[in-house]
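In: what's the 3D shape of this:
(2 chains)
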Amino acid sequence: MKSLKNIGFALAALSCVHFAEAQQAPKLSAYVQMPGDKPALIELERGDGNGTFFYMQKGTDQLMQAKASTCKMFYIQTPNDMASALRDYYGGELADARKGFASVKKKYAAFAGLPGSPCTMSALYELTCAVRLLDVAAAKTLSADLPGASVLNGSDAARVAAAKVVGMITDKPESFADIKTAVEATLKAHGRNLDSESNAWLRYALARGAAAMVPAEQVQATIAADKVKAASVAVDLYCQAVMSMHGMQKQLPADALNRAMALLWAMPGVQEYAAKVTLPMRKEVWNAAPADFREAVAMAHYLKTMYPAPAETPNALADKLDAYFFNMKQGTKKGD
Amino acid sequence: MNTYTTAVSVMAALALSMPMVCQAQDPLASLNKVKALSKQKKTEDAVKLCDMVIKRFSGNGATAKQFSYVLPYYAWEKAVVYFNAGMYEEAYNAFKAFMDEPKWKAPALLAKAKENIPGQPEAYEPFFTYALFQMGNCRYKQGVGEAGKDNGDKSKFEDAIACFEKYLGLVQSGKVSATEKKQKMEGQICFILVQANILKEKPDFKKAAEYLEMSRKVKGRVPDEMAMEGLNTIVNVAISNPENVGWVYKLIESSPASYNLDPARAARNSNKFYNLGQRAYKVMDDALRAGNNEQAVEAARTANTLFGLVTDMPAARTSLANLIKGLGAYKKPLVDRGTGVRMSSESSRKLYASYKKLEEQGALFDGFSILSTATIAKDFGSNRLAKGGFQLLYDRFGKLARPAKGEGAEPAPLRNMVIMQLGALCRMTGDDDAALKYEKMLEGEDMGDQTKILVFQKMTRAVDDKDWQNVIPCAQEVLEHFKDDKTNKLYLTARYMIVASHYQLGAWEDVVKTATELIESDEMKAAEGKDALKPEQAANYDNYTYFFLMDAYARLAAKDPAQRDNAISTFEKYAAKYTDPDLKNAPLADKMYYGAIDQLMKRSAAAPDDKSAEEDKKAAIKYCDHICKNWPESDLYPTAELLAAGMLLNHTDDAVKATSMPRLERAAAGGVKLGTKSGRSTAANALFWLASYAGEYPNEGESEEAAKARCREYAERFWKEGDAEGDPFSLPMVSLYLTMVKDKADFENAIQRAQTIIAREATYMFKNEKSDPELEKTINSYVAAYVDGNKNYLGKTLTLEEKTAHFTSFPGIDPNDKYANAIFRMAQINSMNQELAGLKEDKAAKEKMEEQILGVFRDMTNTFKPEDLTNYICVQVGDYLVKYVSKFPDPSARTEELGQAEAYYEAVIGRNSDLVADAKLGMANALAFSKDAAKQKRSADLYTEVSSNPDPNVGGPALVGLTKLHLRTGNAAAAVETTNKYMKNRQNQRDRLDVMLMQGEAYTLANDPKNALLAYMNLFNQYKGKVGYSAKACLAIMEIFWKRNNPAQGDRLQKGFQNSDRWTAWNTGQLYVNLIRRSGVEAKLTPEERDEFNKVLSAVHNYGTDPAVMKEDKANKEFQRNLQSSKKK
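Out: Prediction:
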């Protein structure tokens, strides 16, 4: 039975018109244990995009095929170029990593959809880099066309769904309703598997949608009374995005904090109050200050603490607001 | 040992290629033996064998020569054996010996080795440089000590660093072998240098960071395991010292393979990262409390970075599941070629299982990280960020639970805590609807100890909302929950909040009741333990309780002056309790003293006699001194100096008055130093007084002229340091400043200044619908100064048209400001009246001037209709007209002005909004002048109506007006009744002296000399110093006695002798005159007082020259002389 089955595979492989091309294409090495067989290191020729892989039978020039899901072991070795991109990725060099993953994705396109495929995994990492770098346009295109996306499961699948929502950011007032619907659908489909970072993406996208309802010129000056609620909702959502990241990454939390800070600074009465305050800030003055003013200042201080702007691109508003910060914990004892 | 090719493997390969016969004796096979012995821990034997081989084959024999090229391998292997045995000192020496041995470096020997060892073209040559690395490695191992034991010798790290740095130099300059170059070890060397620099006795984080940065850039990758291990070392060292906490995030951020690895691998470290994050949080918390903001920021960022490394549970789950599936049943560890990551199916399964268990138990690392991150945000003052964190926990981490502590214990779910916190944060951020939703969720929940906290939080929410009405029942609920724990800080806070809420609500009687109960209970005390109040907290609450009590009494005193005594006695109890001037222990001490001063000054002003008034003033000055001495940094310091100075200025003794000058100086300087609005106001007051009085009290040795020049300086300082819109001293200062003019330049400057300030203040009053008699006074001063100054300094006599033009379009005054413009017109009229008074002889000019005045007046009342003016202005103009009319000998004849005044008042009464009582009083005053009985009746009715008003500014004057009306219309009985009513209810109000005088008049009119005498005596005995009144009373008393004319009764030698009324009349006046003269009061009499005093003098003279009086006085004196001489005898 066993030999018959293999022959069957071989025949099927021979019928593949791309045989010659496959020979030229880059290969992948994988530990595979086929049913009834021992684990072996084999060279993968390509996949069919749907979980089937092709390999050359040892000692012959016969191209065989098998379904990865039937294997007791299926582990694709990380190719060196992907390992290099991963190093950049984990080292925080997201722009370099993104380029590396894009190239790996392309190079191993023939293996898309196999479990642990460098093509699919690189595509996922590339998408992650794009969102982390807040490249909304890339998030949209990459998430829409992710090779082998169908085999992604758990938090990986949830991540692609969350990135799709990020791709919906248009900063137009009407975007809020669409994003809200998409967020609800994503939570319904992937709720349990959504990791905190993906959840942060959803909250961030929603915040951008809410903030889009406040005209940009009002954010530069003072927010009109009828837009205060939308601004406040946006601030809360940005805060949720920051907290959901719980210290991971820098770009998204810093961006969310900056946007929330700008909204709070433009809230009615905040700038007028700031103009009246004499520095250094005193406890009584801090306590009596409007809540939006204190929040704007606290957010500036948090931003400067956790995600300081590089010296070459100073954050003037954060610097200005931080000067008003008052440490309310000073002088308190434990248990206070 | 590094993976670098060892001598053993090379030799083993060689030996296999040799004939079997040689293996027994030649050194090639022995190397295998060395390795075997080393593995069996037979270190000594292995070393011995190396030495033996080297010794045996070091000779000149043929065999020795044949194998001499392998001897360096034995020398090297000896070092390796020592190293493997952990004998690092010996290994170090052996590596060094190898490196320094010239024999091994002989070119012929090396060439032979290269020739004879296949596949090793460099033979043992790499060992010469590699030995340096190994020496560094030995020293490093010595520095670290044995695993799990703290027995390292940290001093060895310096040498390790020296070796590694030297070796790194060789590698980077290409001075190492090709084999070594191929190894690409730069990254690893840098990384080991990072660790050595951190582990040495005095860690050098800066250098470590430099090497870390370098390790990312140089050739050769740091293996993940090494990176992870190294980073653990770094973090543990850095975090153990709060000063270095910031290095943790800097090092993590610049590390080659950050902790931020794929979730499946990072999952192994989640617990560790979280715990390290907590350690960093503790450093942050301590630093924040200590006010060390720099360290707090560093620690916060480190904590944030570490919490960020905690893996998200869903990501770990997915990643581990995929790995387990991928590895399947493969049991051996598998190393990924690309990443070098070592994986094992079994350990992955175990980890997956433990994650699953953790999830079931609610030990969600990512949830805890969010919780901690939110806590940091809250500590950094952002309730919105914290709310965001708790919202996430509520939305996505419903199962979050604190892990069970101890055997058999259950995890503690945190759901209710999250809801509670979220509710509280929603409250704090103004999202009340959401807050209510979460609070309701907890209703009926068994919150255990939290129930009490929730009840307390309900109270604090009401406090935050300033919903004082609601605070009280909430606080009472708290008291109920803590009734058996009365030292608990929450119980005591609630007790305090009840008093504070009553205070906020203005329920003064309730403040008195609850504050007195709290003080008398003696419960507000600090105690041991975390649930009790700290001493400073207890002192704070207690201080405020006393403050509220004192202030409540003070406010009640407005209606019931007796309460002022309670306010002062509350202060006295406070002062006896808090004797330590340190504001840390008695935080409101300065304010309490200030409050006491205020109360004493008010009591003094209303004191029934001069003595008690003086005593209160003395006490007030003493408390001012107390503030000045103990709290020179207090906001109240300048005011205390000012108040003391003010009281001293009122003293009769010039020497005492002079002591106020330096106090005023200090008040001015202190006010300016405060830099606040109230500080500037204090400075304004002080500088005004200095400018007014410094000339009268020159410094020691200072000429009068110099002192006056100083007045001018104070005035100039006033404009710079004190003047402000709405300041009550700005207008008086204008008047004063105008008197300081000496020449043309002064005049022009002062006029300019006066115009600016008058316009500013008039506009300020106009905008705020305020009025101030000072504006009128100042405008009067200005008008006079302007007219005189033009004449004196510019040689220009202004025509009526010029004056009218200037005063009707005064620069800066809004033409719509009827109040100010009306005052200008009135001022102009006043000025013209003065001119009129100067035209005594010129009848024609006088008539012309009178006509002109009338013209301006008519024009004015035509211009300003009552309906144009605000209530304030109407009342002011009406009052002005009434005042104007009252100057005429027969005011009732001025019907036009009185009619106009009535119209102004009528407008206000008709509007029935504010100042109605003032307008009714004014109307009554206007009508009272009339001779028409109906108008007089309406006047009396209005006076009676207003007299029941508790406001002393209208109620008192209404009774005064009514009395005057009754006196004028000869209604003696009603006049007596009115004065008695005043004396009964309003005896402490400001017009009481007028009323006392009128009471005497009323009794006189009622033909009741006995009571008239009592009334006058009452005034006379209490207020001799107030000559304007006492002189009148004295004269009235003298007249009553004179008129009664009872003769002397009895014998001088007998008891009960009484002088005649006429002698008594003269003697009363005589004694009074002597008192006023001797006390020095006479020299300071105002012209009006002088007139009254002269009347007494005249009466004393007249009565004293009566023969009967002279005779009786002579007899009295003779009798006194005889009495004294008989006593001497």
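
In: Any idea which residue is closest to the centre of chain A?
Out: residue A:128 (3.7 Å; Cα atoms, centre = their mean).

In: Quick check, pLDDT for that residue.
Out: Confidence at residue A:128, expressed as pLDDT, is 97.

In: Now name the helix or strand holding it.
Out: helix A:118-132 (DSSP states H and E).

In: Quick one: mean pLDDT for the helix or strand following that helix?
Out: Later in the chain than helix A:118-132, the nearest helix or strand by DSSP H and E is helix A:136-144. Averaging the model's pLDDT scores along helix A:136-144 yields 97.

In: Residues in contact with helix A:136-144: which ones?
Out: A:123, A:126-127, A:130-131, A:160, A:163-164, A:166-169 (Cβ atoms under 8 Å, 6 or more residues apart in numbering or on different chains). C-beta here means a position set from N, CA and C on the backbone, and glycine is covered the same way.

In: between that helix and helix A:118-132, what angle do the directions make?
Out: Going by axes from the mean of the first three to the mean of the last three Cα atoms, to 10 degrees, helix A:136-144 is angled at 150 degrees with respect to helix A:118-132.

In: What ranges does the chain have for its strands?
Out: Looking at chain A here, since you left the chain open. Here chain A has its strands, by DSSP state E, at A:28-33, A:40-47, A:52-56, A:63-67, A:73-76.

In: The chain in question should be chain B.
Out: B:334-335, B:342-343, B:401-402, B:412-413.

In: To chain A, which of the ones you listed lies closest?
Out: strand B:334-335 (6.6 Å; Cβ to the nearest Cβ).

In: burial measure for residue B:850, as a count.
Out: 14 (other Cβ atoms under 10 Å in any protein chain shown).

In: show me what contacts it?
Out: residue B:836.

In: State the distance from it to residue B:1020.
Out: Distance of residue B:850 to residue B:1020, computed by Cβ to Cβ, to the nearest Å: 42 Å.

In: same check, this time on residue B:1005
Out: From residue B:1005 to residue B:1020 the distance is 19 Å (Cβ to Cβ).

In: Ok, residue B:501 next?
Out: Residue B:501 is 51 Å from residue B:1020, by Cβ to Cβ.

In: Neighbour count: residue B:1005 and residue B:1020, which is higher?
Out: Using other Cβ under 10 Å, the more surrounded residue of residue B:1005 and residue B:1020 is residue B:1020, with 24 against 18.

In: burial measure for the residue nearest to that one when sequence neighbours are not counted, as a count.
Out: Leaving aside its sequence neighbours, residue B:1020 sits nearest to residue B:1033 (Cβ to Cβ, 6 or more residues apart in numbering or on different chains; 4.1 Å). Using other Cβ under 10 Å, residue B:1033 is surrounded by 27 other residues.

In: so who does residue B:1033 touch?
Out: B:996-997, B:1000, B:1016-1017, B:1019-1020.

In: cool, residue B:961 as well?
Out: Neighbours of residue B:961 in contact, by Cβ under 8 Å, 6+ apart: B:921, B:924-925, B:928, B:939, B:943.

In: Counting only helices, which of these make the cut?
Out: Judged by DSSP state H, the subset of the contacts of residue B:961 located in helices is B:921, B:924-925, B:928, B:939, B:943.

In: residue ranges with poor pLDDT in the stretch 251-400 of chain B?
Out: The stretch 251-400 of chain B contains residues with pLDDT under 70 at B:255-261.

In: Helices of that one, residue ranges please.
Out: Using DSSP state H, counting those that start in this stretch, the helices of the stretch 251-400 of chain B run over B:263-266, B:270-289, B:293-309, B:313-327, B:345-361, B:365-379, B:383-396.

In: my read: residue B:94 touches residue B:78, true?
Out: Yes: the criterion here is Cβ atoms under 8 Å, and residue B:94 meets it with residue B:78 at 5.2 Å.

In: any idea how far residue B:896 is from the residue nearest to residue A:247 when sequence neighbours are not counted?
Out: The shortest distance from residue A:247 to any non-neighbouring residue, by Cβ to Cβ, 6+ apart, is to residue B:308 (2.7 Å). Distance, residue B:308 to residue B:896, using Cβ to Cβ: 88 Å.

In: Which residue of the two possesses the greater neighbour count?
Out: The neighbour count for residue B:308 versus residue B:896, taken as other Cβ under 10 Å, is higher for residue B:308 (24 against 14).

In: dump the residue contacts of the more buried one.
Out: A:245-249, B:260, B:369.

In: mind listing what the closest residue to residue B:947 other than its chain neighbours touches?
Out: Leaving aside its chain neighbours, residue B:947 sits nearest to residue B:958 (4.1 Å; criterion: Cβ to Cβ, 6+ apart). Listed by Cβ under 8 Å, 6+ apart, the contact partners of residue B:958 are B:921, B:924, B:942-947, B:949.

In: repeat that with 7 Å
Out: B:921, B:924, B:943, B:946-947 (Cβ atoms under 7 Å, 6 or more residues apart in numbering or on different chains).

In: Residue B:263 touches residue B:313, doesn't it?
Out: No: contact status for residue B:263 versus residue B:313: not in contact, 9.2 Å apart, counting by Cβ atoms under 7 Å.

In: Roughly how far does residue B:275 sit from chain A?
Out: Residue B:275 is 15 Å from chain A, where distance means Cβ to the nearest Cβ, to the nearest Å.

In: what's the burial count for that residue?
Out: Neighbour tally, residue B:275, other Cβ under 10 Å: 10.

In: what do you get for residue A:97?
Out: So residue A:97, with other Cβ under 10 Å, has 25 neighbours.

In: And for the one 4 residues further on?
Out: Other residues near residue A:101 number 29, with proximity taken as other Cβ under 10 Å.

In: Least confident secondary structure element in chain A?
Out: Sorted by mean pLDDT, DSSP states H and E, the helices and strands of chain A end with helix A:2-14, the least confident at a mean of 34.

In: List the residue ranges of chain A that fall below the pLDDT cut-off.
Out: A:1-24, A:334-336.

In: Return the residues in contact with residue B:392.
Out: A:240, A:243-244, B:370.

In: rewinding a little: which one among the contacts of residue B:961 gets closest to chain A?
Out: residue B:921 (40.4 Å).

In: didn't residue B:738 look like it was pressed against residue B:785?
Out: Yes: counting by Cβ under 7 Å, residue B:738 does reach residue B:785; the two are 4.1 Å apart.

In: pLDDT below threshold where in the stretch 901-1050 of chain B?
Out: B:987-988.

In: Just the closest residue of it to chain A, please.
Out: residue B:914 (29.8 Å).

In: Kindly provide the distance from that residue to residue B:875.
Out: 10 Å.

In: who's more crowded, these two?
Out: residue B:875 (24 against 14).

In: I'd assumed residue B:920 was in contact with that one.
Out: No: taking contacts as Cβ under 7 Å, residue B:875 lies outside contact range of residue B:920: 10.1 Å.

In: Show the contacting residues for residue A:301.
Out: A:322, A:325, B:380-381.
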